[in-house]
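Visitor: what follows is a protein structure lacking sequence information:
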Ligand code: SAM
């Protein structure tokens, strides 16, 4: 039996350490080790990769990542109440697990891990989107990570993989799909978690592409897309009028009809518009 097999069941762990879930920290725990192993496998081959896990909680997914063969796991947990439970996992794999009691928004993974790096997490809903946007918008591309395997509320997961023409399509879809391959790896009902959240969840797998799908300056693209979807019901000539008096002309030059709305515009056209705006900068 491996060290992980000797650890107590997670239900006993949360009882022994008094880990009553805190809503303010987005705590919905996964206690089924078959499920956490399945999520770890959805991250692909972890042997030879370092893994950043945000919010390990009592350590169910952490156990899955270690058992699946991750070279090293850095588990960043904000709630100090979880540390004794994580220390038990660490004792089973002393050289492969590092636990940091910190806010994941403040941690630079490269200070602790060596590429290739994969990020795998059952994210706290309150900081999940903010973390994703940060990971998708690093200073340079390719990013420090190879892939992201992340649990979100189902509605957020659907926004990440959404296609033009759908209600879910927006800034998150453009940001994610411009430089990544994004897909939903699995769906989970509320009952998979303790306590069960109000909504269903889904695991999204994003693989960083070596190059963006279409050329564009990241800052220009992000600002265009943010403006366009901020007023998604308006025609683009109105939603983007803050970008200059000749916006209709620029939209047309990028192959976009000025009367189209943001949700009709694909990645390639948004990138063409960003390039058009940069090319004509005074
Ligand atoms: N991974 C565990 C599981 O699957 O059972 C717990 C997942 S729970 C949805 C989210 C976890 O993130 C909680 O343990 C919570 O304390 C932690 N957390 C919340 N905000 C955090 C932050 N800013 N930085 C690091 N961890 C955070």
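Guide: Noted; the coordinates are in hand. Everything numeric here is computed off the predicted structure, so don't read it as measured data.

Visitor: who are the neighbours in contact with the closest residue to the ligand within the stretch 1-150 of the chain?
Guide: Going by Cβ to the nearest ligand atom, the ligand is nearest to residue 55 of the stretch 1-150 of the chain, at 2.1 Å. C-beta: built from backbone N, CA, C; applies to glycine. Neighbour list for residue 55: 25-26, 76-78, 104, 121-124 [criterion: Cβ atoms under 8 Å, 6 or more residues apart in numbering].

Visitor: also residue 63?
Guide: 4, 7, 33, 36, 89.

Visitor: also within reach of the ligand: list those from the contacts of residue 55.
Guide: Restricting those to those touching the ligand (Cβ under 6 Å from any ligand atom) yields 25-26, 76-78, 104, 122, 124.

Visitor: let's see which of those end up in helices.
Guide: Using DSSP state H, no member of the ones next to the ligand among the contacts of residue 55 falls within helices.

Visitor: which among the residues you listed gets closest to residue 192?
Guide: Closest to residue 192 out of the ones next to the ligand among the contacts of residue 55 is residue 122 (10.1 Å), distances taken as Cβ to Cβ.

Visitor: residue 42 is in contact with that closest one, correct?
Guide: No. Contact criterion Cβ atoms under 8 Å: residue 122 and residue 42 do not qualify, at 11.7 Å.

Visitor: looking at the two, which one has more neighbours?
Guide: Higher neighbour count among residue 122 and residue 42: residue 122, with 27 against 18, using other Cβ atoms under 10 Å.

Visitor: now the nearest residue to the more buried one once chain neighbours are set aside: which helix or strand?
Guide: Distance criterion Cβ to Cβ, 6 or more residues apart in numbering; nearest residue to residue 122, sequence neighbours excluded, is residue 151 at 4.2 Å. Using DSSP states H and E, residue 151 falls within strand 145-153.

Visitor: now do residue 245
Guide: Using DSSP H and E, residue 245 falls outside every helix and strand.

Visitor: please report how far it lies from residue 253.
Guide: As judged by Cβ to Cβ, to the nearest Å, residue 245 and residue 253 stand 15 Å apart.

Visitor: likewise residue 25?
Guide: Residue 25 is 48 Å from residue 253, where distance means Cβ to Cβ.

Visitor: same question, residue 265
Guide: 14 Å.

Visitor: neighbour count for the two, which is higher?
Guide: residue 265 (26 against 16).

Visitor: could you pull out the strands for the stretch 1-150 of the chain?
Guide: Listed in chain order, the strands of the stretch 1-150 of the chain (DSSP state E, counting those that start in this stretch) span 29-30, 50-54, 72-77, 97-101, 117-122, 145-153.

Visitor: domain boundaries for the chain, per the record?
Guide: As recorded under automatic domain parsing, the domains making up the chain are 10-208, 218-279.

Visitor: quick revisit: okay, and which of the contacts of residue 63 map to helices?
Guide: Under the assignment DSSP H, the contacts of residue 63 contribute 33, 36, 89 to helices.

Visitor: can you pull the pLDDT of the second one?
Guide: Right, residue 36. With respect to pLDDT, residue 36 scores 98.

Visitor: pull the contacting residues for the residue lying closest to it once chain neighbours are set aside.
Guide: Once flanking residues are discounted, residue 36 sits nearest to residue 64: 3.7 Å by Cβ to Cβ, 6+ apart. The contact partners of residue 64, by Cβ under 8 Å, 6+ apart, come to 33, 36-40.

Visitor: could you dump those into CSV with neighbour count added?
Guide: Output for the contacts of residue 64, formatted as CSV (neighbours: other Cβ atoms under 10 Å):
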residue, neighbour count
33, 18
36, 23
37, 18
38, 16
39, 24
40, 26
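
Visitor: now, which of those sits nearest residue 60?
Guide: Of the contacts of residue 64, the one sitting nearest to residue 60 (Cβ to Cβ) turns out to be residue 36, at 4.3 Å.

Visitor: what sits against the closest one?
Guide: Residue 36 touches 30, 60-61, 63-64, counting by Cβ under 8 Å, 6+ apart.
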